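A.B. asks: this one's sequence-less:
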């Protein structure tokens with residue numbers, strides 16, 4: 001499924017990137033992340049995949065909470081919906097193939113960000129905060145036992 005979604009993401013980013021010339025840096029990062037993911041389908045190196053995941057998180061947060069470009073928001077909305085769907089279907093993050101669990105807190109956060117993205121016209125976060133979230137995500141485990149919602153409910 002990951003390779004199918006990766007291919008779809010490449011097509012989608014090519015389409016959206018054509019209509020977002022002011023976000024050239026973001027799309028260069030997207031294309032390079034997609035290329036890295038494609039190559040890592042053969043290498044299967046977890047360290048490379050973790051760095052690519054950090055880039056993915058940054059782009060997702062940037063698209064959902066920072067950019068005002070309609071096409072970049074559209075890209076982020078489609079990718080976040082696909083991510084949430086696969087996390088529900090497979091019960092885990094398919095980007096990090098070795099992870100056999102998921103923290104439902106992340107699902108709720110991404111769902112809220114996705115909904116907010118549909119209704120916002122201004123930026124909720126600045127680019128530095130989006131980068132920081134991408135970096136911090138590198139150190140957070142996506143495991144059910146780490147879920148705050150699990151402990152509350």
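C.D. replies: Arrived safely. Just so it is clear, the structure is predicted and the values come from calculations on it, not from any experiment.

A.B. asks: quick one, phi psi at the residue nearest to residue 144 when sequence neighbours are not counted?
C.D. replies: Leaving aside its sequence neighbours, residue 144 sits nearest to residue 101 (Cβ to Cβ, 6 or more residues apart in numbering; 5.0 Å). Any C-beta I mention is one placed from the backbone N, CA and C, and that applies to glycine too. With angles defined as degrees, to the nearest 10, residue 101 sits at phi -140, psi 180.

A.B. asks: residues near residue 101, how many?
C.D. replies: 14 (other Cβ atoms under 10 Å).

A.B. asks: the one 4 residues further on too?
C.D. replies: Other residues within reach of residue 105 by the criterion other Cβ under 10 Å amount to 17.

A.B. asks: likewise for residue 129?
C.D. replies: 15.

A.B. asks: which residues does the worst-scoring helix or strand of the chain on mean pLDDT contact?
C.D. replies: Lowest mean confidence among the helices and strands of the chain (mean pLDDT, DSSP states H and E): helix 148-152, at a mean of 86. Helix 148-152 has contacts (Cβ atoms under 8 Å, 6 or more residues apart in numbering) with 104, 105, 108, 144.

A.B. asks: please apply the same query to stretch 97-117.
C.D. replies: For stretch 97-117, using Cβ under 8 Å, 6+ apart, the contacting residues are 2, 44, 46, 49, 60-61, 63-65, 73, 76-77, 80-81, 83-84, 87-88, 91-93, 124, 140-150.

A.B. asks: buried ones only from those, please, as a PyMOL command.
C.D. replies: Those of these that count as buried under 16 or more other Cβ atoms under 10 Å are selected in PyMOL with:
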select buried, resi 49+60+61+63+64+65+73+76+77+80+83+84+87+92+93+142+147
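
A.B. asks: how near is the residue nearest to residue 146 when sequence neighbours are not counted to residue 149?
C.D. replies: Nearest residue to residue 146 in three dimensions, chain neighbours excluded: residue 103, at 5.3 Å (Cβ to Cβ, 6+ apart). Distance of residue 103 to residue 149, computed by Cβ to Cβ, to the nearest Å: 9 Å.
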